[in-house]
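Peer 1: Starting from these lines, generate the structure:
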Amino acid sequence: MKPILTLIIMFSLFNKAQSQTSATQSIYDIALTGLNGDPIQLSEFKGKHILFVNVASKCGFTGQYEDLQKLYDTYKDNLMIIGVPCNQFGSQEPGTASDIQSFCQANYGVTFLMTEKVDVKGDNQHPLYKWLTNQSLNGSSSSTVKWNFQKYLVDGNGQLVNYYFSVTSPLSGKITKHLSI
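Peer 2: This is a model prediction of the structure:
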């Protein structure tokens, strides 16, 4: 009788742990608006990884646009990159949507998606970043956006894989190991 009781207790603890790590909101339900003003439907990317990157045109990490484009070109069958302009770190993204679009295309040939400018932290934090940074919403981990070009990788099932600080290159094996088919 005792082994059965132990098994029941272990099963109960396992279920409790599972429920604590399950996402409470689907990332696919979050509304985004593109830099061009059109809605971005994240559900269109089910089955693909999505790499979200808060970007800025006047940052020391801005050169990462080049590697982000290379990453996108290499893995676009299995990956969508979504750049999220943000002006919260050193006022390094002061431009308009048109300025940002022109800068990214002219300097880096960016073809991946870009959203409108949003807040990634604070009182006006966009719902996307609430989900990305809050374990109770994403079911994986909590974090704080520390600077421009912090990256969040979501898998093809809409689960947060991990986040990577600005110093992590978009072409790092920490990221690419998740993208191979």
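
Peer 1: Give the closest residue to residue 128 in space, chain neighbours not counted.
Peer 2: residue 30 (5.1 Å; CB to CB, 6 or more residues apart in numbering). Every C-beta, even on glycine, is put in place using the N, C-alpha and C of the backbone.

Peer 1: residues contacting residue 61?
Peer 2: Applying CB atoms under 8 Å, 6 or more residues apart in numbering, we find residue 61 in contact with 147-149, 166.

Peer 1: for this structure, where's the lowest mean pLDDT among helices and strands?
Peer 2: Sorting the helices and strands of the chain by mean pLDDT, DSSP states H and E puts helix 2-20 at the bottom, at a mean of 48.

Peer 1: Now flag whichever of the contacts of residue 61 is closest to residue 99.
Peer 2: Checking the contacts of residue 61 against residue 99 by CB to CB gives residue 148 as the nearest, at 16.1 Å.

Peer 1: per-residue pLDDT, that closest one?
Peer 2: Note on residue 148: pLDDT of 97.

Peer 1: So it is in contact with residue 57, correct?
Peer 2: No - contact criterion CB atoms under 8 Å: residue 148 and residue 57 do not qualify, at 9.5 Å.

Peer 1: neighbour-wise, which of these two wins?
Peer 2: Per other CB atoms under 10 Å, whichever of residue 148 and residue 57 has more neighbours is residue 148, with 26 against 19.

Peer 1: Give me the distance between residue 42 and residue 105.
Peer 2: 23 Å (CB to CB, to the nearest Å).

Peer 1: out of these two, which sits in the busier spot?
Peer 2: residue 42 (20 against 12).

Peer 1: how about the more buried one, phi and psi?
Peer 2: Backbone torsions for residue 42, taken as degrees, to the nearest 10, come to phi -60, psi -30.

Peer 1: Distance check, it against residue 99.
Peer 2: According to CB to CB, residue 42 stands 25 Å off from residue 99.

Peer 1: Residue 114: which element?
Peer 2: Taking DSSP states H and E as the criterion, residue 114 maps to strand 113-114.

Peer 1: Quick check: end-to-end length of stretch 72-87?
Peer 2: Distance across stretch 72-87, first residue to last, is 24 Å (CA to CA, to the nearest Å).

Peer 1: repeat for stretch 134-147
Peer 2: Start-to-end, stretch 134-147 (CA to CA) is 17 Å.
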